[in-house]
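Enquirer: heads up, no residue letters with this:
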């Protein structure tokens, strides 16, 4: 279901919804344009939008002209006591730039803009990709010469800490392990998929697979729900699901062909086993996979007229999706049908004969989601991280949406072996959650990613 679209000035290659709760409505996009003449130059821009999926609005709030941009990523949590979210940019001039998101009003709904706070030349080659570590204190940056750099961020500067030759050709994918920030995965045009331990000598990878992918590796996405599952995408048009339980020799469990090079993979923020993929010449696909070795395309979106590069899910209450395509310079906001998230739902949506208005569409979306939840027993999933442990262990719980959240708090505390009477659950942004409500209400208000913190650590007796 289409909600809104916008035509940018340059070729669109990335879209990223902000991952911080107060700014879930903020969307960043980037462009890359090669100006071919006697002295070719690469230019681009960062564009910031406010997205209101309920009313179908996509409002441009800021545009910053910059070098050609290959990739952007929001920080996954507040780092170095930063109050506002940070946006990292990997650009064609070899610079990594960091922007801070700011708002002109207390609600965070108006006047969102970003200001550059750091910029550092990292490489003499082009920066092709960037990814934050789980604590948002450093980044992995892939380069066009096959090297990868680890860049740290402190209160005053960006500092390259490590750089090594990881691949023979362009390195399009560099991704931290979500559960272990000492591991970095890389993928390249040399068809190799590798894992590196930042504590070890980089002359030898933890593993390097050179036989499975038939063409270059474009993207890598570790599951936020299962520490043993990782997905890769390749120019060979296959989405592959890997089992990482054998650390030195991961197993490619199965693959699904998507009919186009798999440029980007995004896990659904709340639903395990559901991913959004950008498939270059074949639009976008939503894929469901499970631990039993099954994978299937459950929805496609082909409203873009050129290369599908950027894709992301909006977090929070909305299930909106942002996508962008290269040559038509277009950013689109759309909904996936909620029935895809709940396989037991039998609601007939094929009877919709004409596109409803955005207001009607939003109401229908909520109705289908509500009925779908009832059809599946109405469960919600939470990823709860224990913040008092420096290793930041987490557990994923699925509970009935009608369950009292006090029971979720008690269960989570017992699982982590901390006293439930002196513990509290807060959001990733530090907002306290009143446990005297249902699990479903907490999920709708705050999403699935929460933090368990001992009461004495938040100032209570």
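Expert: Nice, I can see it. As the structure is a computational prediction, the values presented were derived from the model and not from experiment. Residues are numbered from 1 along each chain as shown.
Enquirer: Number of residues surrounding the residue lying closest to residue 31 once chain neighbours are set aside?
Expert: Of all residues not flanking residue 31 in the chain, residue 10 sits nearest, at 3.2 Å (CB to CB, 6 or more residues apart in numbering). C-betas here are computed from N, CA, C, even on glycine. Each residue near residue 10 was counted by other CB atoms under 10 Å, and the total is 19.
Enquirer: same deal with residue 302?
Expert: Applying other CB under 10 Å, I find that residue 302 has 11 neighbouring residues.
Enquirer: circling back: roughly how far apart are the residue nearest to residue 31 and residue 65?
Expert: 9 Å (CB to CB, to the nearest Å).
Enquirer: Which residues are in contact with each of these two?
Expert: 43, 44, 45 (CB atoms under 8 Å, 6 or more residues apart in numbering).
Enquirer: check contacts around residue 88.
Expert: Contacts of residue 88 by CB under 8 Å, 6+ apart are 72, 73, 74, 75, 96, 97, 98, 130, 132, 139.
Enquirer: closest to residue 214 among those residues?
Expert: Residue 214 lies nearest to residue 130 out of those, by CB to CB, at 26.4 Å.
Enquirer: hang on, isn't the closest one packed against residue 72?
Expert: Yes. With contact defined as CB atoms under 8 Å, residue 130 reaches residue 72; the gap is 7.4 Å.
Enquirer: Overlap of the contact sets of these two?
Expert: 88, 89, 90.
Enquirer: Name whatever forms a beta bridge with the last one.
Expert: Going by DSSP bridges, residue 90 is paired in beta bridges with residue 71, residue 96.
Enquirer: where's residue 445, which helix or strand?
Expert: In the assignment (DSSP states H and E), residue 445 maps to helix 439-446.
Enquirer: okay, now residue 184: neighbour count?
Expert: Residues near residue 184, counting by other CB under 10 Å: 27.
Enquirer: quick revisit: ok, and the most crowded of the shared contacts of residue 10 and residue 65?
Expert: residue 44 (27 neighbours).
Enquirer: what pLDDT does that residue get?
Expert: We have a pLDDT of 97 for residue 44.
Enquirer: Double-check that it belongs to a strand.
Expert: Yes. Per DSSP: H, G, I helix; E, B strand; the rest coil, residue 44 lies within a strand segment.
Enquirer: who's in contact with it?
Expert: Taking CB under 8 Å, 6+ apart, one finds 10, 30, 31, 32, 33, 65, 66, 67, 68, 69, 91, 92 in contact with residue 44.
Enquirer: do the same with residue 200
Expert: Per CB under 8 Å, 6+ apart, neighbours of residue 200: residue 206.
Enquirer: Just say helix, strand or coil for it.
Expert: Strictly by three-state DSSP, residue 200 counts as coil.
Enquirer: picking that back up, for the shared contacts of residue 130 and residue 72, which one is nearest residue 387?
Expert: So of the shared contacts of residue 130 and residue 72, ranked by how close each gets to residue 387 (CB to CB), first place is residue 88, at 23.1 Å.
Enquirer: What's the separation between the closest one and residue 47?
Expert: When residue 88 is compared with residue 47 (using CB to CB), they lie 16 Å apart.
Enquirer: which stretches of the stretch 301-450 of the chain form strands?
Expert: For the stretch 301-450 of the chain, strands defined by DSSP state E, counting those that start in this stretch occupy the ranges 308-313, 320-325, 330-335, 379-386, 394-400, 423-427, 449-454.
Enquirer: one step back: quick one: which of the shared contacts of residue 130 and residue 72 is nearest residue 450?
Expert: Closest approach between these and residue 450, by CB to CB: residue 88, at 24.5 Å.
Enquirer: Quickly note the distance from the closest one to residue 253.
Expert: 31 Å.
Enquirer: if we can go back for a sec, right, and out of the shared contacts of residue 130 and residue 72, which lies closest to residue 316?
Expert: residue 88 (21.8 Å).
Enquirer: For that closest one, what is the enclosing helix or strand?
Expert: strand 86-91.
Enquirer: now swap in residue 226 and tell me
Expert: Counting by DSSP H and E, residue 226 is part of no helix or strand.
Enquirer: Kindly present the contacts of residue 44 as JSON lines, with separate columns for pLDDT, distance to residue 181 and secondary structure.
Expert: Below are these laid out as JSON lines (pLDDT from 0 to 100; distance: CB to CB, whole Å; DSSP: H, G, I helix; E, B strand; the rest coil):
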{"residue": "10", "pLDDT": "96", "distance to residue 181": "34", "secondary structure": "coil"}
{"residue": "30", "pLDDT": "98", "distance to residue 181": "25", "secondary structure": "strand"}
{"residue": "31", "pLDDT": "98", "distance to residue 181": "30", "secondary structure": "strand"}
{"residue": "32", "pLDDT": "97", "distance to residue 181": "29", "secondary structure": "coil"}
{"residue": "33", "pLDDT": "96", "distance to residue 181": "34", "secondary structure": "strand"}
{"residue": "65", "pLDDT": "97", "distance to residue 181": "33", "secondary structure": "strand"}
{"residue": "66", "pLDDT": "96", "distance to residue 181": "28", "secondary structure": "strand"}
{"residue": "67", "pLDDT": "96", "distance to residue 181": "28", "secondary structure": "strand"}
{"residue": "68", "pLDDT": "97", "distance to residue 181": "29", "secondary structure": "coil"}
{"residue": "69", "pLDDT": "98", "distance to residue 181": "25", "secondary structure": "strand"}
{"residue": "91", "pLDDT": "95", "distance to residue 181": "24", "secondary structure": "strand"}
{"residue": "92", "pLDDT": "96", "distance to residue 181": "27", "secondary structure": "coil"}
